[in-house]
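Trainee: sequence first, then the predicted structure, then my questions.
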Amino acid sequence: MHKITTLICLLLFSTVPLIGQDVMVVRSQKGESRVMRVSDLLAIEFTDHKQQNDLFVGTEINPLASAYLGTVVYSDDDYRKSEIGRFLPPEGTRGDHPLPIRLHAPKEAATADRVRVFSAEGGFELPQLAKVERGEAVVHHLLPNRTYRVLWLAENSFAPLAESSIFATGELRMIGLKRVLNVRDFGGWPAMEGRRVRHGWLYRGAQLHNPADGTIATEADVTELRRLGIRAELDLRGNQESGKITASPLGNDIRYYRIAGGGIYPYAEMITRFPEDIKEVFREVLDNLRQGRPTYIHCAQGADRTGTIAFLLNGILGVSESDLAKDFELTSLSPVGIRSRVFYPEQKEINYAALVRALDKYNGQTLLERLENYFLSVGITRAEIEEYRLFMLY
């Protein structure tokens with residue numbers, strides 16, 4: 001029986017277990033495969049990399065996010081409770097970072113000092129270079145459900161000592177940066193007609209530059225966002241918040257677009273008071289998709305205004321009401337602070353549940369139908385909606 005060469009990297013910074021996470025394990029020589037749970041995988045004896053076609057399998061979903069997504073299902077008509085409070089990270093730690101994937105050098109690459117990791121399927125992202133220290137290389141932010149080639153390289157040599165592959169599992173894709181908070185990919189969620197939201201096109205997060213205190217994304221943060229293929233920045237902040245900047249901190253070659261004027265308000269107020277801005281945001285996103293420009297969407301903290309736009313853009317793709325709420329609440333794992341789906345009457349329209357309820361005035365038996373009618377009401381055409389879906393669903 002051929003051994004399984006498997007790499008699962010689980011940096012458990014919490015006592016919360018990984019629950020319900022399935023992982024595809026590939027047998028390297030015969031190509032046989034089977035699905036196992038992480039708890040079962042942990043019992044497998046890891047073996048040395050021997051074959052050029054061996055496949056490492058790794059997940060970047062951190063335990064808090066995995067447990068939350070794997071156990072919580074919300075009722076569409078009950079906004080009196082939230083479960084996110086059970087999954088908050090310990091004080092002083094960040095739950096908005098993915099797990100690193102640790103690659104162990106095969107025997108024939110014992111002298112390797114770096115690895116070059118790149119997608120075997122193409123795409124926008126640039127190759128990832130990582131140091132090899134004590135026989136181990138750490139890589140991040142792989143696109144889920146995609147195979148990557150790994151070249152093990154030695155100093156002053158372009159010919160690889162060994163070659164292997166890695167397959168990243170899971171659907172949630174968090175992006176762990178040093179100074180920019182709450183960053184994640186729009187993709188991965190189940191959507192209409194049994195399809196899923198495509199990774200790599202839209203990202204959400206906090207501001208890249210804060211004019212109030214002068215802080216800006218670190219050089220490493222900028223380098224990583226550019227490596228991911230981001231080529232457009234859509235800024236939801238107003239004039240004062242943004243400092244009226246006219247170019248992206250990611251570089252002058254990045255398209256920068258900011259909603260004009262004093263900015264927009266989140267939740268129900270956004271859809272009732274700013275329909276022209278909603279149309280403007282949607283068409284900017286759609287044009288970036290047409291031009292092949294992955295887009296980073298943000299406000300100040302990537303939580304409220306950005307959360308409302310994410311709700312609309314993923315909602316029109318048919319992401320369920322429960323999953324839309326969970327995506328909104330994932331912000332709670334970041335230092336930005338808790339965001340809950342619970343309806344707070346005293347806050348009137350300034351909360352997530354009020355956003356959902358504000359759509360009740362539009363015809364439709366489902367949230368998707370009501371969202372479609374809302375989009376049509378603000379001047380977005382059905383052809384534009386279908387084109388957006390063509391780009392964003394697979």
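Mentor: Perfect, thanks for sending it.
Trainee: just the C-alpha atoms of the lengthiest helix in the chain, please, in PDB.
Mentor: The longest helix of the chain (DSSP state H) is helix 275-290. These are the backbone C-alpha positions of helix 275-290, laid out as PDB (Å, rounded to 0.1, in the frame of the first residue of the first chain):
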ATOM      1  CA  PRO A 275     -29.200  54.400  -4.000                       C
ATOM      2  CA  GLU A 276     -27.100  56.300  -6.600                       C
ATOM      3  CA  ASP A 277     -24.000  55.400  -4.600                       C
ATOM      4  CA  ILE A 278     -25.000  51.700  -4.500                       C
ATOM      5  CA  LYS A 279     -25.300  51.800  -8.300                       C
ATOM      6  CA  GLU A 280     -22.000  53.600  -8.600                       C
ATOM      7  CA  VAL A 281     -20.200  51.000  -6.400                       C
ATOM      8  CA  PHE A 282     -21.800  48.100  -8.300                       C
ATOM      9  CA  ARG A 283     -20.800  49.500 -11.700                       C
ATOM     10  CA  GLU A 284     -17.200  50.200 -10.500                       C
ATOM     11  CA  VAL A 285     -16.900  46.600  -9.300                       C
ATOM     12  CA  LEU A 286     -18.400  45.300 -12.500                       C
ATOM     13  CA  ASP A 287     -16.100  47.400 -14.700                       C
ATOM     14  CA  ASN A 288     -13.000  46.200 -12.700                       C
ATOM     15  CA  LEU A 289     -14.200  42.600 -13.300                       C
ATOM     16  CA  ARG A 290     -14.400  43.300 -17.100                       C
END
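Trainee: show me the contact partners of the helix or strand following it.
Mentor: For helix 275-290, the succeeding helix or strand toward the C-terminus, using DSSP states H and E, is strand 295-298. The contact list for strand 295-298, computed with CB atoms under 8 Å, 6 or more residues apart in numbering, reads 201-208, 225, 230-237, 250, 284-285, 288-289, 306, 309-310. No exception for glycine: its C-beta is placed from N, CA and C like everyone else's.
Trainee: just the mean pLDDT for strand 295-298, thanks.
Mentor: Averaging pLDDT along strand 295-298 gives 98.
Trainee: same for the next helix or strand after it, what does it pack against?
Mentor: Sequence-wise, the next helix or strand downstream of strand 295-298 (DSSP H and E) is helix 305-315. Other helices and strands packing on helix 305-315, by 3 or more CB pairs under 8 Å, 6 or more residues apart in numbering; DSSP states H and E, are strand 202-205, helix 267-273, helix 275-290, strand 295-298, helix 321-329, helix 352-358, helix 367-377.
Trainee: so which of the ones you listed gets nearest Val73?
Mentor: helix 321-329 (5.5 Å; CB to CB).
Trainee: which elements pack onto the closest one?
Mentor: Using 3+ CB pairs under 8 Å, 6+ apart, helix 321-329 is in contact with helix 63-71, helix 305-315, helix 352-358.
Trainee: out of those, which is the most enclosed?
Mentor: helix 305-315 (a mean of 24; mean count of other CB atoms under 10 Å).
Trainee: just how off-centre is that helix within its chain?
Mentor: Chain-centre distance of helix 305-315: 13 Å, with CA atoms, centre = their mean, to the nearest Å.
Trainee: what average pLDDT does that helix get?
Mentor: Rounded mean pLDDT across helix 305-315 is 98.
Trainee: ok, back up a step: the helices and strands packed on helix 305-315: which one's closest to Phe87?
Mentor: helix 321-329 (9.0 Å).
Trainee: quick one: that closest one to helix 305-315, angle?
Mentor: 150 degrees (axes from the mean of the first three to the mean of the last three CA atoms, to 10 degrees).
Trainee: contacts for helix 321-329?
Mentor: 68-69, 72-76, 82, 84, 189-190, 307, 310-311, 314-315, 319, 339-341, 352, 356, 367.
Trainee: re earlier: in TSV, list the helices and strands packed on helix 305-315 along with distance to Ala137.
Mentor: Formatted as TSV, those follow (distance: least, CB to CB, whole Å):
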stretch	distance to Ala137
strand 202-205	25
helix 267-273	43
helix 275-290	33
strand 295-298	27
helix 321-329	31
helix 352-358	40
helix 367-377	43
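Trainee: most packed of those?
Mentor: strand 202-205 (a mean of 26).
Trainee: what lines up beside that one in the sheet?
Mentor: Using DSSP bridges, strand 202-205 pairs in its sheet with strand 183-185 (antiparallel), strand 295-298 (parallel).
Trainee: okay, these in CSV with distance to Asp277 next?
Mentor: Below are the strands paired with strand 202-205 laid out as CSV (distance: least, CB to CB, whole Å):
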stretch, distance to Asp277
strand 183-185, 23
strand 295-298, 13
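Trainee: from Asn351, how far out is Arg273?
Mentor: Arg273 sits 15 Å away from Asn351, going by CB to CB, to the nearest Å.
Trainee: cool, Tyr374 as well?
Mentor: Taking CB to CB, one finds Tyr374 at 18 Å from Asn351.
Trainee: over to Asp77?
Mentor: Taken as CB to CB, the span from Asp77 to Asn351 is 16 Å.
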